[in-house]
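Asks: Need the 3D shape of this:
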Amino acid sequence: MTKEEKTTPTWGYHETEQPRIFDLKEGESLPKGWEDTPAAFEEDGDDKPKRRGRPPKTDISGD
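Replies: Numbers count the residues shown, from 1 in each chain. Okay, here's the model as predicted:
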């Protein structure tokens, strides 16, 4: 009888593929190109929060 190795289901995120679950053995890491967080693929761009909601009222009377 063979002893089954214990695996841990782990979400993997890829820049161009859909997220999926990998059954990783103890000490095993995700395949090359896969990360354990989607934040690894976010661009370091403008960190300002996006403005939401209605724009401020402006006076169009011309005074």
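
Asks: Please make it C-alpha for all contacts and neighbour counts, starting now.
Replies: Fine.

Asks: Looking at this structure, which strand is longest?
Replies: In the chain, assigned by DSSP state E, the strand with the most residues is strand 7-14.

Asks: so where do the strands sit in the protein?
Replies: Along the chain, counting by DSSP E, strands occupy 7-14, 20-25, 34-35.

Asks: closest to Ile60 out of those strands?
Replies: Set against Ile60 and scored by Cα to Cα, the strands of the chain come closest in strand 7-14, at 49.7 Å.

Asks: Now find how far off-centre stretch 54-63 is within its chain.
Replies: Computed by Cα atoms, centre = their mean, to the nearest Å, the separation of stretch 54-63 from the middle of its chain amounts to 40 Å.

Asks: If you could redo that for stretch 21-30, that was the one I meant.
Replies: 18 Å.

Asks: Just the buried positions in it, please.
Replies: Leu24, Leu30 (16 or more other Cα atoms under 10 Å).
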